[in-house]
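Undergrad: let me see the structure of the following:
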Amino acid sequence: MTRINDVKKVLRNSGVEMDADDVVATLVKDPRYRARVTRTQVAHSLQALCESDLDVIRTRTGMYQHVQLNAAPTPLATAPARRTMTLSTAQ
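TA: Below is the predicted model of the structure:
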């Protein structure tokens, strides 16, 4: 579970699309993962994150990105509802 969380953290901190090789290159800089993480392990973690976590999306084949879907609402979502106007004609 720790590896999956660390893979998500790498995606979240990068802000760009990454594939498994990019994530491995970032993780091996950490002393905990030096020479103990493989591309296959990271690929499985990315696939599991994409299936279970809405914030991690698959943008293209083999490319993943972290998007903040649960962040602050968009301005359109907070805009007041449009009111309809009725015109009355003088009789």
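Undergrad: tell me which residue lies nearest the centroid of this protein.
TA: H66 (2.0 Å; Cα atoms, centre = their mean).
Undergrad: residue contacts, that residue?
TA: Residues near H66 by Cβ atoms under 8 Å, 6 or more residues apart in numbering: K8, L11, R12, S14, G15, D55, V56, I57. For the C-beta atoms, the positions are set from N, CA and C on the backbone; glycine is no exception.
Undergrad: run a quick neighbour tally on the fourth one.
TA: Residue crowding around S14 was assessed by other Cβ atoms under 10 Å; the count is 14.
Undergrad: swap in S45?
TA: By other Cβ under 10 Å, the residues close to S45 number 24.
Undergrad: just C50 next, same as before
TA: Neighbour count of C50, defined by other Cβ under 10 Å: 14.
Undergrad: how close does it sit to V7?
TA: C50 sits 11 Å away from V7, going by Cβ to Cβ, to the nearest Å.
Undergrad: which secondary structure state does D6 sit in?
TA: helix (DSSP: H, G, I helix; E, B strand; the rest coil).
Undergrad: from what I can see it touches L27, true?
TA: Yes. Using Cβ atoms under 8 Å, D6 is in contact with L27, at 6.5 Å.
Undergrad: which residues are common contacts for these two?
TA: Shared contacts of D6 and L27, counting by Cβ under 8 Å, 6+ apart, come down to Y33.
Undergrad: ok, back up a step: now, the contacts of H66 that are in helices?
TA: K8, L11, R12, S14 (DSSP state H).
Undergrad: so where do the strands sit in the chain?
TA: Secondary structure of the chain, counting by DSSP state E: strands at 56-60, 63-66.
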